[in-house]
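# sequence first, predicted model second:
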Amino acid sequence: MYRHVGQEVMIREAELIAIFDRSILDSSEETRQFFNRMRAIEQVHGNLPPAKSMIITDRGIYLSKISSGTLARRGLTGSSLLSPEPR
C-alpha cells in the first residue's frame, strides 16, 4: 500500500519509518544534526519553510505541507480504529 504525503508524492508503507511534526527540528539537537546530514547527501525532499511534517523513510526524508496527524490518520484507512463502534 501507498500513502499520499502531498505534492504528488506517494510513499510505500513498507518504506515508512516515522512521521514527525516539523517542530521537532527546533526542539531536538540530535534530530537537527540528522536532518542536516541527510540534506548534505541530498536525501531531503521538499522545502522547510512551508513544511508541517517530516516523513522518515528508508530512502530519505520527505517534507510535507500536510500535518503529521493527518498523515498518520491516512495510514488507518480501512482499520477497525476508524470503524464506528457496534451498537
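Okay, I see it.

# from now on I want contacts and neighbour counts done on CA atoms only, so please keep to that.
OK.

# next SSE downstream of the longest helix seen in the chain?
When the chain is scanned for its longest helix (criterion: DSSP state H), the result is helix 29-40. Sequence order places strand 44-45 as the next helix or strand after helix 29-40, per DSSP states H and E.

# how about the longest helix of the chain, which residues are buried there?
Residues of helix 29-40 classed as buried: residue 35 (neighbour count, 16 or more other C-alpha atoms under 10 Å).

# using PDB, write out the CA atom coordinates for it.
What follows is helix 29-40 as a C-alpha-only set of coordinates in PDB (Å, rounded to 0.1, in the frame of the first residue of the first chain):
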ATOM      1  CA  GLU A  29      19.600  19.000  18.500                       C
ATOM      2  CA  GLU A  30      20.100  15.300  17.500                       C
ATOM      3  CA  THR A  31      17.200  15.500  15.100                       C
ATOM      4  CA  ARG A  32      18.600  18.700  13.600                       C
ATOM      5  CA  GLN A  33      22.000  17.100  13.100                       C
ATOM      6  CA  PHE A  34      20.400  14.100  11.500                       C
ATOM      7  CA  PHE A  35      18.400  16.300   9.200                       C
ATOM      8  CA  ASN A  36      21.500  18.400   8.200                       C
ATOM      9  CA  ARG A  37      23.500  15.200   7.400                       C
ATOM     10  CA  MET A  38      20.700  13.900   5.200                       C
ATOM     11  CA  ARG A  39      20.400  17.300   3.500                       C
ATOM     12  CA  ALA A  40      24.200  17.200   2.900                       C
END
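
# that one: how far from the chain's middle?
Its chain's average C-alpha position is 15 Å from that of helix 29-40, according to C-alpha atoms, centre = their mean, to the nearest Å.

# got a list of contacts for that helix?
When contacts are defined by C-alpha atoms under 8 Å, 6 or more residues apart in numbering, helix 29-40 is touched by residues 24-26, 44, 60-61.

# swap in stretch 49-64?
For stretch 49-64, contacts defined as C-alpha under 8 Å, 6+ apart pick out 5-7, 15-23, 35, 38, 43-48, 65-68.
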